[in-house]
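Build me a model:
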Amino acid sequence: MTKAYVIALLKINDPKAMGPYLESVEKTVTDHGGSYLVRGGTQHYTEDDPNPVAVVLEFPDSDSAIAWKSSVAYQDILPFRLDNSEGPLVICDGV
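Alright, predicted model coming up:
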């Protein structure tokens with residue numbers, strides 16, 4: 001089975017308003033077999049102008065990653081991220 005990765009490059013516009021998302025998202029990830037590989041941290045090199053917060057999640061496979069993204073628990077907190085940050089989130093298979 002090929003592992004799957006969720007990659008997000010986010011600019012957080014209102015950290016306080018994102019509080020409920022930040023407080024709850026990790027449990028939604030681990031409940032679906034996922035783990036954090038990158039969560040913020042210093043970016044040492046960039047091309048172009050990426051958003052300042054990088055997040056990489058690893059899941060056992062793409063079905064698990066999609067189940068996480070589609071889960072009721074994640075959907076319940078997602079508006080806190082969407083309303084208070086901007087940037088892409090992708091789910092992709094590893095090699």
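
Checking my notes, residue 75 in a helix, right?
Yes: judged by DSSP: H, G, I helix; E, B strand; the rest coil, residue 75 forms part of a helix.

List the residues that contact it.
By CB atoms under 8 Å, 6 or more residues apart in numbering, the contact list for residue 75 is empty. Where C-beta positions appear, they are placed from N, C-alpha and C, glycine not excepted.

Same question for residue 55.
6-10, 36, 38-40.

mind checking which helix or strand residue 66 is in?
Secondary-structure assignment from DSSP states H and E places residue 66 in helix 62-70.

What residues sit buried inside that helix?
Across helix 62-70, burial judged by 16 or more other CB atoms under 10 Å covers 62, 64-65, 67-69.

Quick check: bridge partners of residue 54?
residue 9 (DSSP bridges).

so what's it up against?
Contact partners of residue 54, counting by CB under 8 Å, 6+ apart, are 7-10, 38, 40-41, 43.

Looking at it now. What's its pLDDT?
Note on residue 54: pLDDT of 91.

Repeat that for residue 13.
94.

ditto for residue 2
95.

can you check residue 45 too?
Taking residue 45 on its own, its pLDDT is 81.

again with residue 48
On pLDDT, residue 48 comes in at 79.

Neighbours of it, how many?
4 (other CB atoms under 10 Å).

got the contact list for residue 89?
Per CB under 8 Å, 6+ apart, neighbours of residue 89: 6-8, 10.

In this structure, mark out all the helices, start to finish.
Remark: helices assigned in the chain by DSSP state H are 19-30, 62-70, 72-82.

export these to TSV and tack on distance to residue 55 and mean pLDDT?
Shown next, in TSV, are the helices of the chain (distance: least, CB to CB, whole Å; pLDDT from 0 to 100):
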stretch	distance to residue 55	mean pLDDT
helix 19-30	9	97
helix 62-70	13	98
helix 72-82	11	98
